[in-house]
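take this sequence and fold it.
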Amino acid sequence: MDFTGKLLIAMPGIGDPRFEHSLIFLCSHNEDGAMGLILNKTAPGVKLGDILEQLDIETADAPHAKLPVRFGGPVETQRGFVLHSADYESQVNSLVVNDAFAMTATLDVLEDVALGQGPAQMLIMLGYAGWGPGQLEDEIASNGWLTTDADPAIVFGEGDTEKWSAALKTLGVDPIVLSASAGHA
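Got it, this is the predicted structure:
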């Protein structure tokens with residue numbers, strides 16, 4: 001099954017503190033593995049304006065300068081990614097995930113954002129989450145993750161602390177009833 005464009009909801013007891021209560025948007029999933037971005041973990045103290053300044057990008061009144069930057073995952077944590085609405089496509093290279101989402105990892109998206117010409121909705125991340133061939137499928141089969149459709153209202157609209165619970169609720173699951181251990185009959 002192809003999980004591209006889906007949300008991964010970390011189950012309690014996932015076993016890796018970097019993913020506790022994580023909600024991940026899967027940008028790609030195929031026979032070579034999977035790549036996703038954690039949506040609900042902010043990189044402490046880092047704002048978009050800091051990154052623009054570090055990259056010497058002019059910020060003509062940059063209305064987005066105060067946007068928080070998120071911890072997208074433990075792989076390549078110095079590399080930036082912008083998950084955004086599909087209304088924007090980089091002139092260099094955007095990965096169009098589906099009708100609602102795209103991801104751009106080139107400098108031009110930040111330049112466009114600084115000029116007020118970027119996507120209508122976006123999340124800026126440092127790092128990503130990655131899985132080798134079959135690894136994600138094994139983790140899902142071992143009850144490490146639940147999957148659900150990606151709703152732009154959750155991805156772009158919910159606060160970081162509410163995203164995980166909101167995604168669970170789309171499946172009819174109350175976060176309070178989840179247990180960290182599986183039961184056996």
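
hmm, who's touching whichever helix in the chain runs longest?
In the chain, with assignment by DSSP state H, the single longest helix is helix 160-170. The contact list for helix 160-170 (CB atoms under 8 Å, 6 or more residues apart in numbering) reads 7, 9-10, 21-23, 39-42, 70, 146, 148-149, 151, 154-155, 158, 174-175, 178. From N, CA and C alone the C-beta is placed, and that goes for glycine too.

now for Leu7: which residues touch it?
23-26, 39, 147-150, 154-155, 167.

which of these are buried?
23-26, 39, 147-148, 150, 154-155, 167 (16 or more other CB atoms under 10 Å).

that older thread, just put the contacts of Leu7 in a markdown table and tack on secondary structure, pLDDT and distance to Val46.
Shown next, in a markdown table, are the contacts of Leu7 (DSSP: H, G, I helix; E, B strand; the rest coil; pLDDT from 0 to 100; distance: CB to CB, whole Å):
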| residue | secondary structure | pLDDT | distance to Val46 |
| --- | --- | --- | --- |
| Leu23 | strand | 97 | 19 |
| Ile24 | strand | 98 | 19 |
| Phe25 | strand | 98 | 19 |
| Leu26 | strand | 98 | 24 |
| Leu39 | coil | 97 | 16 |
| Thr147 | strand | 96 | 29 |
| Thr148 | strand | 96 | 28 |
| Asp149 | strand | 96 | 29 |
| Ala150 | coil | 97 | 24 |
| Ile154 | helix | 96 | 23 |
| Val155 | helix | 97 | 20 |
| Ala167 | helix | 95 | 24 |
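
out of those, which comes closest to Asp87?
If you rank the contacts of Leu7 by distance to Asp87 using CB to CB, Val155 comes first, at 14.1 Å.
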